[in-house]
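Peer 1: A predicted structure for the sequence below; I have some questions about it.
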Amino acid sequence: MAKDAEPLLIKRYASRRLYNTETSDYVTLEDIAGFIRDGREVKIVDLKSGDELTRQYLLQIIAEHESRGENVLPLGVLTDLVRSYQSQTQSVVPDFLAMSFEMLKDGQSKMVENMAAMNPMAKMPGFEAMRAQQEAFFKAMTGGLGNQWSGPTTDEDEESDAAPEEELDEIKKQLAELQAKLSKL
């Protein structure tokens, strides 16, 4: 357990290959994303200079997911982030984002705990599938993308007119309906 408390050290060689110091093998960006999804902190350093490169590689992982259509960051948010680099609000943005994601993670944990505590619901058919779907949704919202959700899976899905805001409103509506049903029980 103490091993998991320390960040996994990844060394970048001059050839730009990434080396996992724990398993003594080379890893890819997708491997690193997997470590993070599994809850592991990583630290990526340049072998020669000792410079920390973690931020650069995490941004590259996000950019690759976004370019494959696994869009978590709405265009407006990305635009505002770009703007924040040239304004006085830059010092506020990192703290705001960190607090927002922390609140989202706390909400996810509380919801999962509350759902697990309700034994009558746990015995209902389809409850586990619903809970797994909600966990996947929350993981996607907190950056746990990849195996849990991979964006549109059919050409029909990709051509959908529904804007991300409409989809989010629909999900909120469904969650409110579920909460109402749970309250009645």
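Peer 2: That came through fine.

Peer 1: after the lowest-mean-pLDDT helix or strand in the chain comes which helix or strand?
Peer 2: Lowest by mean pLDDT, DSSP states H and E among the helices and strands of the chain is helix 155-158, with a mean of 45. For helix 155-158, the following helix or strand on the C-terminal side (DSSP states H and E) is helix 164-184.

Peer 1: where does pLDDT dip in the protein?
Peer 2: Counting by pLDDT under 70, the low-confidence segments of the chain come to 1-4, 87-91, 115-125, 127, 137-164, 182-183, 185.

Peer 1: mind redoing it with 80?
Peer 2: Applying pLDDT under 80 to the chain flags residues 1-5, 84-97, 101, 105, 108-172, 174-185.

Peer 1: domain map for it?
Peer 2: 2-67, 91-184 (automatic domain parsing).

Peer 1: got a markdown table for the ones you listed, with mean neighbour count and distance to residue 76 too?
Peer 2: In this view, the C-beta of every residue, glycine as well, is placed from N, C-alpha and C. Output for these, formatted as a markdown table (neighbours: other Cβ atoms under 10 Å; distance: least, Cβ to Cβ, whole Å):
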| stretch | mean neighbour count | distance to residue 76 |
| --- | --- | --- |
| domain 2-67 | 13 | 14 |
| domain 91-184 | 12 | 10 |
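
Peer 1: need these in CSV (columns: distance to residue 85).
Peer 2: What follows is the domains of the chain, written out as CSV (distance: least, Cβ to Cβ, whole Å):
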stretch, distance to residue 85
domain 2-67, 13
domain 91-184, 9
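
Peer 1: residue 93 and residue 84 touch, don't they?
Peer 2: Yes. Look at residue 93 against residue 84 with Cβ atoms under 8 Å: they come within range, at 4.5 Å.

Peer 1: which neighbours do the two share?
Peer 2: When contacts are counted by Cβ atoms under 8 Å, 6 or more residues apart in numbering, residue 93 and residue 84 have no shared neighbour.

Peer 1: helix/strand/coil for residue 43?
Peer 2: The three-state assignment at residue 43 reads strand, by DSSP: H, G, I helix; E, B strand; the rest coil.

Peer 1: give the other helices and strands that the longest helix anywhere in the chain contacts.
Peer 2: As assigned by DSSP state H, the longest helix anywhere in the chain is helix 93-117. With contacts defined as 3 or more Cβ pairs under 8 Å, 6 or more residues apart in numbering; DSSP states H and E, helix 93-117 has these neighbours: helix 119-122, helix 127-141.
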